[in-house]
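Enquirer: Task: produce atomic coordinates for the following.
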Amino acid sequence: MKLRMLLLWLFGLILTAGIHSTELGAQSPFHFVDSAAPAGLTVTHFDGGTKEPYLPALMVTGLALFDYDGDGWTDVYFLGGCGLFPNLKQPMQRHQPCGNTLYRNRGNGSFVDVTDAAGVRSGGFALGVVAADIDNDGDQDLATSNFGATELYLNNGDGTFERVYLEASESKSTTCFGAGIAFLDIDNDGCLDLFASQYVDFSVEKYNEAAPRAFPYPPGPKDFKPSIDILYRSLGDGTFSDVSETSGISRFPGPSMGVVCGDLDGDHDADIFVCSDADLNQFFVNDGTGKFEDRALLAGLAFDVNGNANGSMGVEAGDYDNDGQTDLLITNYSQQLPVLYRNLGNGLFEDVSRRTRVGREVFAHTNWGVGLVDFDNDRNLDVFFANGHFLKNVKSIDDRSGYRVANTLMANDGRGRFSDVSTSSGPGLEVAESSRGAAFGDLDHDGDIDCVILNANAKPTFLENRSPSTGSWIDIRLVGTLVNRDAVGAKVQILAGGQKQFAMVHAGRGYQSHYGTVLHFGLGTAASVDEIEVTWPGGRVESFASHASKGTVILVQGKGL
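Expert: Residues are numbered from 1 along each chain as shown. Purely as a prediction, here's the structure:
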């Protein structure tokens, strides 16, 4: 055992040395500053305040970027926790209200806390969040996964929400331990359904039983029974029914974390990819009627290229090589490389992490939030990793990482290869915290993508994109009329400057977070978009007229050419 650990340590040392020697000269086209404090994004995340390192307090949570009041400006919703176990004595006290926090974007570079006025604080322990218009009434609703029941916040359209609890018939015998959560339309009936991944069957009693044999680490996912994910089908009237069993989802329990949904095998129905912590990832393939089968092994998504089941945390979806297919990027535990799965088509994927050089710099760290984002509008998706360990004493166990570390930005060279440019991308990338969820959007309407990060037990980071020279761009927002209003699951392909780009509308992604309902395309030097093609959920294809760059285009189903 000691020899194995020594070899692993030497491997990590050699890998890290190689990284710095080959990438030291990489130059960055990016410049980011942390504008959280001047913008008013100042809430401090709270992990529940328990003395023991209980799993919910270690994993914590994500955030959502969405427009809750329909004014065209992206608002920010941070998840948080109140006391995990009310019957236990809590050693930490807070000087601000616990729970979730909603910030309204004023449109002038500042944000204001509207949590209590909107009615979205919650008194539970939140872990994942997603936003979408689930009742097709023109405003954005919310759902949160929790250590406890899933909460649904229905938007009243007047700046307030109504909270509803969703009970799960499959989980009545255990406490729900929520994780990634996503909206999707499982049967293309125009009503958004809800997938809520579940982690493990955790309790204080089970923790106390496992603790003596878990040293030097606290009890982890292998010390608890994996949970069954929950699939709620919309009944079309604002209510939901648990169809976990009849859909086939309940046949595949696992320690689930991040999730992303969409047509990943090209057959025009919504599939579900789920990260599993220290277990096989899951790829629930839809038969078109809302019945699912796990085909992760057949698809090449269960393991990495070496056959390892990693501690997978978050998942991002995007077309990194501009071939018209949705690829998947997975974040992992420390001493594990992130995994980039290239979509080969027909439901098959290939691990190209080493070939693309993605994430070698974060091998030593635990990664959570993740983004495939074109930060400089050069028509190529770059990579962002949110880093940070969950053990405050990790250096005493493994001195290659730390509880608080800087995040990582990698530039795409246009040929599908990535290089670390973090140290030359501005003071925002110097911030060191124990980061979890990360979300991406143009919060200041200047045409480039910013990043908001939730940091465990700390204030957030707002990476305002002030890159010196960025290309043209276009934002596309879809409005469904025959499908769900937000067009979740739709695919958009554009042609600009002789190059095609592709993106899909997702509701829920990254590390238990939500962002990107409005699709952002960098155009480089192109002055306009020559072609826009939309494939709506279910497979109907519609073409739209060309548009000038540098603006937001709203495309309504049925209003094309």
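
Enquirer: So, low pLDDT: which residues of the protein?
Expert: Scanning the chain for pLDDT under 70 picks out 1-26, 86-96, 169-174.

Enquirer: can I assume T481 sits in a helix?
Expert: No. T481: not assigned to a helix; according to DSSP: H, G, I helix; E, B strand; the rest coil it is coil.

Enquirer: doesn't E542 make contact with it?
Expert: No. Using Cβ atoms under 8 Å, T481 makes no contact with E542, being 10.9 Å away. Backbone N, C-alpha and C define where each C-beta goes, glycine included.

Enquirer: higher neighbour count, the two?
Expert: Using other Cβ atoms under 10 Å, the more surrounded residue of T481 and E542 is E542, with 17 against 14.

Enquirer: which non-adjacent residue is nearest the more buried one?
Expert: Of all residues not flanking E542 in the chain, G560 sits nearest, at 4.0 Å (Cβ to Cβ, 6 or more residues apart in numbering).

Enquirer: correct me, but the one you found touches V534?
Expert: Yes. G560 is within contact range of V534, at 7.3 Å (criterion: Cβ under 8 Å).

Enquirer: who are the neighbours in contact with R213?
Expert: For R213, the contact set (Cβ atoms under 8 Å, 6 or more residues apart in numbering) comprises D223.

Enquirer: What distance do you get for S549 to V534?
Expert: 18 Å (Cβ to Cβ, to the nearest Å).

Enquirer: Within the helices and strands, which one has I554?
Expert: Secondary-structure assignment from DSSP states H and E places I554 in strand 552-556.

Enquirer: what residues does that strand touch?
Expert: With contacts defined as Cβ under 8 Å, 6+ apart, strand 552-556 is touched by 474-479, 481, 518, 532, 534, 544, 547.

Enquirer: What's the local residue count around R121?
Expert: By the criterion of other Cβ under 10 Å, R121 has 17 neighbours.

Enquirer: that's a strand at it, yeah?
Expert: No. Secondary structure of R121 (three-state DSSP): coil, not part of a strand.

Enquirer: re the thing from before, overlap in contacts, T481 and E542.
Expert: Here T481 and E542 share the contacting residues 557-558, scored by Cβ under 8 Å, 6+ apart.

Enquirer: quick one: the strand holding I554 to chain centroid distance?
Expert: Relative to the centre of its chain, strand 552-556 is centred 24 Å away, using Cα atoms, centre = their mean, to the nearest Å.

Enquirer: what residues are up against W368?
Expert: Under the criterion of Cβ under 8 Å, 6+ apart, the neighbours of W368 are 313-314, 331, 386-388, 435-438, 511.

Enquirer: Skipping adjacent residues, who's closest to D71 in space?
Expert: Closest to D71 by Cβ to Cβ, 6+ apart is G107, at 7.3 Å.

Enquirer: Would you check how far apart that neighbour and H520 are?
Expert: Between G107 and H520 the distance is 18 Å, computed by Cβ to Cβ.

Enquirer: more crowded one of these two?
Expert: Of the pair G107 and H520, H520 is the one with more neighbours under other Cβ under 10 Å, namely 20 against 13.

Enquirer: that older thread, out of the contacts of W368, which are inside strands?
Expert: If you go by DSSP state E, the contacts of W368 have 386-387, 435-438 in strands.

Enquirer: which among the residues you listed end up buried?
Expert: 386-387, 435-438 (16 or more other Cβ atoms under 10 Å).

Enquirer: Closest to L372 out of these?
Expert: Using Cβ to Cβ, A438 comes nearest to L372 of those, at 11.6 Å.

Enquirer: Name all residues that make contact with the residue nearest to the closest one when sequence neighbours are not counted.
Expert: Leaving aside its chain neighbours, A438 sits nearest to G369 (2.9 Å; criterion: Cβ to Cβ, 6+ apart). For G369, the contacting residues are 62, 314, 331, 384-386, 435-439, 453-454, 510-511, 513, by Cβ under 8 Å, 6+ apart.

Enquirer: quick one, helices of the stretch 301-450 of the chain?
Expert: Counting by DSSP state H, counting those that start in this stretch, the stretch 301-450 of the chain has helices at residues 353-356, 394-397.

Enquirer: List the buried residues in the first one.
Expert: Buried residues in helix 353-356, defined by neighbour count with 16+ other Cβ under 10 Å: 353, 356.

Enquirer: Touching that helix from outside, list them.
Expert: 304-305, 320, 337-340, 359, 416-418.

Enquirer: let's go with 7 Å and repeat that
Expert: Helix 353-356 is contacted from outside by 337-340, 359, 416-418, using Cβ atoms under 7 Å, 6 or more residues apart in numbering.

Enquirer: give me every residue that touches the residue nearest the centre of the chain.
Expert: In the chain, the centroid-proximal residue (Cα atoms, centre = their mean) is G510; its distance is 1.4 Å. Neighbour list for G510: 62, 258, 314, 316, 369-371, 437-439 [criterion: Cβ under 7 Å, 6+ apart].

Enquirer: again, but for V488
Expert: By Cβ under 7 Å, 6+ apart, the contact set of V488 is 132, 183-185, 192, 505, 507.

Enquirer: would you turn the contacts of strand 552-556 into a markdown table with distance to Q501 and secondary structure?
Expert: A markdown table is the format used below for the contacts of strand 552-556 (distance: Cβ to Cβ, whole Å; DSSP: H, G, I helix; E, B strand; the rest coil):
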| residue | distance to Q501 | secondary structure |
| --- | --- | --- |
| I474 | 10 | strand |
| D475 | 13 | strand |
| I476 | 11 | strand |
| R477 | 16 | strand |
| L478 | 15 | strand |
| V479 | 21 | strand |
| T481 | 25 | coil |
| V518 | 15 | coil |
| I532 | 10 | strand |
| V534 | 13 | strand |
| F544 | 15 | strand |
| H547 | 14 | strand |
